[in-house]
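K.L.:
next input, structure requested:
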Amino acid sequence: ADGGFGIAPKLLVPGLTEYASLRAARQVPALSEHAHTTVRAVIDGPLWDDRHGGMHRLAAAPEWGAIQYEKLLDRNAALIRELRFSLREPEDPQSRRALEATARFVLDVLARPGGGFYLAQAADPMSEDGGGWWRGETPVDDVPPNDRLVLSGPNAEAGAALLRAGALAGNERWTRAGREALDLVLATAVRSGAGVRHVIEPRPAEHRFLVTQSEVAFALLDAYESTGERRYLDGARAIADFTIANLLDSGETAFRDRLAGVEEIGLLANPRRPLRENARMARVLLRLAIHGEGEM
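P.N.:
Purely as a prediction, here's the structure:
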């Protein structure tokens, strides 16, 4: 009834609208109504910032309560992607307004000089629960600060989402910002034969995590399908080759979460093969095959 899954926490589920659309195209439409209800619950409810656009992190309590007020780049990039897919259906003015407002938040608040985006707008440090500024309880000039960490995965996701949304809306500003974010990742984080580093700035980190490889490769494939530009497809293929060569142990069918030998202390020494990141990388490999890159 409330959208989402389970009692709590409540949050946007990335890819839900896309998956529901794929199932509906195969004559299995049961998920479509739930996907629509969930997106509408986000943009109609307390997770949505009606004054400035964009969504907060998540609702920790039942019935979309106990909001965590950080506004993260990856969550808002995922919302742009979901709204873009939902607008393939009959025209929905409210979803279109939400798409425009979310893109405006990302471009006006999280934008990094020179292209790309910061990690998040923090919760209000002057308020007990972090939400005072958005409720008008904190002086309007005391804008919550940005977390200026720049990560490869969220930037690639935001860039690809803006490219797709810009093509749908004919919005050159979105398209340009999307290209700049993807160019930042390709120029500073993707290394030939060495995958994608996790952190771009302020202190570049050379860690190689499965989550980063899967996020960036998936986003580059989205960008390729939006533009037809070969460099995006080549980037995704290079990341997939690195992942297969370095994160797949002999005899295993699932990828490790990181390069072996990196900070393996205590529990980190245990092999971990996370489900979500493996599923995303599997989709990368399948999509590469569809685009003529061979069975992987």
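K.L.:
pLDDT weak spots in the stretch 151-296 of the chain?
P.N.:
Residue ranges of the stretch 151-296 of the chain with pLDDT under 70: 261-269.
K.L.:
mind listing the helices for it?
P.N.:
Secondary structure of the stretch 151-296 of the chain (DSSP state H, counting those that start in this stretch): helices at 152-169, 172-188, 210-227, 230-246, 275-290.
K.L.:
can I get the ones you listed in CSV including distance to residue 141 and mean neighbour count?
P.N.:
C-beta: built from backbone N, CA, C; applies to glycine. Output for those, formatted as CSV (distance: least, CB to CB, whole Å; neighbours: other CB atoms under 10 Å):
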stretch, distance to residue 141, mean neighbour count
helix 152-169, 27, 26
helix 172-188, 26, 20
helix 210-227, 35, 25
helix 230-246, 41, 19
helix 275-290, 40, 17
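K.L.:
among the ones you listed, which is nearest residue 26?
P.N.:
Comparing the helices of the stretch 151-296 of the chain against residue 26 with CB to CB, the closest turns out to be helix 275-290 (15.7 Å).
K.L.:
what's in contact with the closest one?
P.N.:
Contact with helix 275-290 is made by 210-211, 213-215, 217-218, 221, 233, 236-237, 239-240, 243, 254-255, 257, 294-296, as judged by CB atoms under 8 Å, 6 or more residues apart in numbering.
K.L.:
nearest to residue 36, out of the helices of the stretch 151-296 of the chain?
P.N.:
Among the helices of the stretch 151-296 of the chain, helix 152-169 sits nearest to residue 36 (CB to CB), with 17.6 Å.
K.L.:
how far away from the center of its chain is the closest one?
P.N.:
9 Å (CA atoms, centre = their mean, to the nearest Å).
K.L.:
helices and strands around that helix, which ones?
P.N.:
When contacts are defined as 3 or more CB pairs under 8 Å, 6 or more residues apart in numbering; DSSP states H and E, helix 152-169 packs onto helix 73-86, helix 93-109, helix 172-188, strand 199-201, helix 210-227.
K.L.:
got the angle for the second one vs helix 172-188?
P.N.:
Read it as helix 93-109. With axes from the mean of the first three to the mean of the last three CA atoms, to 10 degrees defining the directions, helix 93-109 sits at 50 degrees from helix 172-188.
K.L.:
show me what counts as buried in helix 93-109.
P.N.:
95, 98-103, 105-107, 109 (16 or more other CB atoms under 10 Å).
K.L.:
residue 2: what secondary structure?
P.N.:
coil (DSSP: H, G, I helix; E, B strand; the rest coil).
K.L.:
from residue 241, how far out is it?
P.N.:
43 Å (CB to CB, to the nearest Å).
K.L.:
sorry, back to before: need the helices of the stretch 151-296 of the chain in TSV with distance to residue 23, can you?
P.N.:
Formatted as TSV, those follow (distance: least, CB to CB, whole Å):
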stretch	distance to residue 23
helix 152-169	20
helix 172-188	28
helix 210-227	19
helix 230-246	25
helix 275-290	15
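K.L.:
closest to residue 71 out of these?
P.N.:
Nearest to residue 71 among these is helix 152-169 (12.3 Å), distances taken as CB to CB.
K.L.:
still on that earlier bit, would you turn the helices and strands packed on helix 152-169 into a markdown table with distance to residue 123?
P.N.:
As requested, these are arranged in a markdown table below (distance: least, CB to CB, whole Å):
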| stretch | distance to residue 123 |
| --- | --- |
| helix 73-86 | 13 |
| helix 93-109 | 14 |
| helix 172-188 | 24 |
| strand 199-201 | 22 |
| helix 210-227 | 24 |
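K.L.:
looking at the helices of the stretch 151-296 of the chain, which is nearest to residue 8?
P.N.:
helix 275-290 (19.5 Å).
K.L.:
how far does that closest one sit from the chain's center?
P.N.:
Per CA atoms, centre = their mean, the centroid offset for helix 275-290 relative to its chain is 15 Å.
K.L.:
report the angle between it and helix 230-246.
P.N.:
120 degrees.
K.L.:
picking that back up, of all the helices and strands packed on helix 152-169, which lies closest to residue 40?
P.N.:
Among the helices and strands packed on helix 152-169, helix 93-109 sits nearest to residue 40 (CB to CB), with 7.7 Å.
K.L.:
elements contacting that closest one?
P.N.:
Using 3+ CB pairs under 8 Å, 6+ apart, helix 93-109 sits against helix 32-44, helix 73-86, helix 152-169, helix 172-188.
K.L.:
helices or strands up against the second one?
P.N.:
To tie it back to what came earlier, the one meant is helix 73-86. By 3+ CB pairs under 8 Å, 6+ apart, helix 73-86 packs against helix 16-25, helix 32-44, helix 93-109, helix 152-169.
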